[in-house]
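>>> Structure, please.
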Amino acid sequence: MDESPKPITVFLLDDHEIVRRGVRELIEAEPGLSVVGEASTAAEAMQRIPAVRPDVAVLDVRLPDGSGVEVCREVRSQLPGLACLMLTSFSDDDALFEAIMAGASGYVLKQIRGNDLITAIRRVARGESLLDPTVTSKVLHRLRHPSEEDERLAKLTPQERKILDLIAEGATNRQIGTELHLAEKTVKNYVSNMLMKLGMSRRTEAAVFAVKAGAGRNPSQQQ
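From the prediction side, this is the model:
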């Protein structure tokens with residue numbers, strides 16, 4: 001009797017065809033795993049992943065038209081049960097920050113051995129978190145280390161505070177607009193003003209700052 005009739009379905013996003021082909025062959029050689037779709041750009045992935053509804057999405061972080069982290073954030077807003085495994089060539093703290101904030105289940109380097117990648121896919125499919133503990137500990141330290149949050153938060157209007165809270169929860173401008181009944185362009189203007197007041201250039205910095213300041217729901221406060 002087959003104990004696992006339903007295979008773990010996997011979607012692959014990487015702009016290099018040779019990488020996708022290699023990972024696909026690796027996955028499909030394993031019992032109980034099946035590749036149900038591929039994409040080479042963020043735009044393709046955002047369309048195709050909700051259509052095929054995989055269990056796991058293996059997402060390249062750096063793409064010609066964006067980031068696998070943006071894809072993770074967008075598709076998980078539609079498919080909260082999707083496990084995203086970020087695959088990258090670089091050990092990048094900023095990318096890891098973004099992956100954590102976007103709700104990724106794992107973050108592995110492309111130098112990972114084939115068997116270890118398969119294990120990672122199976123683990124995130126079971127709902128486990130697979131963020132490298134040595135790198136994650138640095139991120140969590142930075143998230144929890146207090147600085148001058150209160151003074152900087154005082155510069156924000158109540159509406160900017162609400163938007164900051166939603167950014168901390170990983171919301172997109174469109175989702176923030178829906179939540180606060182604002183046009184997406186208006187939200188973009190609010191975000192730009194807010195970043196200027198906080199002395200930041202990137203949305204991710206604001207998300208991390210918000211978590212340190214206690215805004216939003218902090219997924220990293222599990223000991």
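>>> and the host helix or strand of Val36, what's its mean pLDDT?
Val36 belongs to strand 33-39 when assigned by DSSP states H and E. Per-residue pLDDT over strand 33-39 has a mean of 97.
>>> next SSE after that strand?
Taking DSSP H and E, what comes next after strand 33-39 is helix 42-52.
>>> still on that earlier bit, show residues contacting the strand holding Val36.
7-13, 20, 24, 27-28, 45, 48-49, 51-52, 54, 118, 121-122 (C-beta atoms under 8 Å, 6 or more residues apart in numbering). Using the backbone N, CA and C atoms, a C-beta is placed for each residue, glycine as well.
>>> Which among these count as buried?
Buried residues within the contacts of strand 33-39, defined by neighbour count using 16 or more other C-beta atoms under 10 Å: 7-13, 20, 27, 45, 48-49, 54, 118, 121-122.
>>> residues touching the closest residue to Glu17 other than its chain neighbours, list them.
When the adjacent residues along the chain are set aside, Glu17 lies closest to Ser40, with 7.0 Å between them (C-beta to C-beta, 6 or more residues apart in numbering). Contact partners of Ser40, counting by C-beta under 8 Å, 6+ apart, are 13-15, 17, 20.
>>> now Ala57
10-11, 13, 45, 49, 71-72, 75, 82-85.
>>> Can you give the distance of stretch 78-96 from its chain's centre?
Centroid separation between stretch 78-96 and its chain, computed with C-alpha atoms, centre = their mean, to the nearest Å, is 5 Å.
>>> Please put the alpha-carbon coordinates of it into PDB.
Presented in PDB, the C-alpha positions along stretch 78-96 are these (Å, rounded to 0.1, in the frame of the first residue of the first chain):
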ATOM      1  CA  GLN A  78      -3.100  34.500  -1.800                       C
ATOM      2  CA  LEU A  79      -1.900  31.100  -0.600                       C
ATOM      3  CA  PRO A  80      -1.100  31.400   3.100                       C
ATOM      4  CA  GLY A  81      -0.300  27.700   3.300                       C
ATOM      5  CA  LEU A  82       2.400  27.800   0.600                       C
ATOM      6  CA  ALA A  83       5.900  27.100   1.900                       C
ATOM      7  CA  CYS A  84       8.600  29.200   0.200                       C
ATOM      8  CA  LEU A  85      12.200  28.100   0.100                       C
ATOM      9  CA  MET A  86      14.600  30.900  -1.000                       C
ATOM     10  CA  LEU A  87      17.500  29.700  -3.100                       C
ATOM     11  CA  THR A  88      20.400  32.100  -3.600                       C
ATOM     12  CA  SER A  89      24.000  32.300  -4.600                       C
ATOM     13  CA  PHE A  90      24.800  34.900  -1.900                       C
ATOM     14  CA  SER A  91      24.800  34.900   1.800                       C
ATOM     15  CA  ASP A  92      23.100  38.200   2.200                       C
ATOM     16  CA  ASP A  93      21.800  39.500   5.500                       C
ATOM     17  CA  ASP A  94      19.500  42.000   3.800                       C
ATOM     18  CA  ALA A  95      17.900  39.300   1.700                       C
ATOM     19  CA  LEU A  96      17.500  37.200   4.800                       C
END
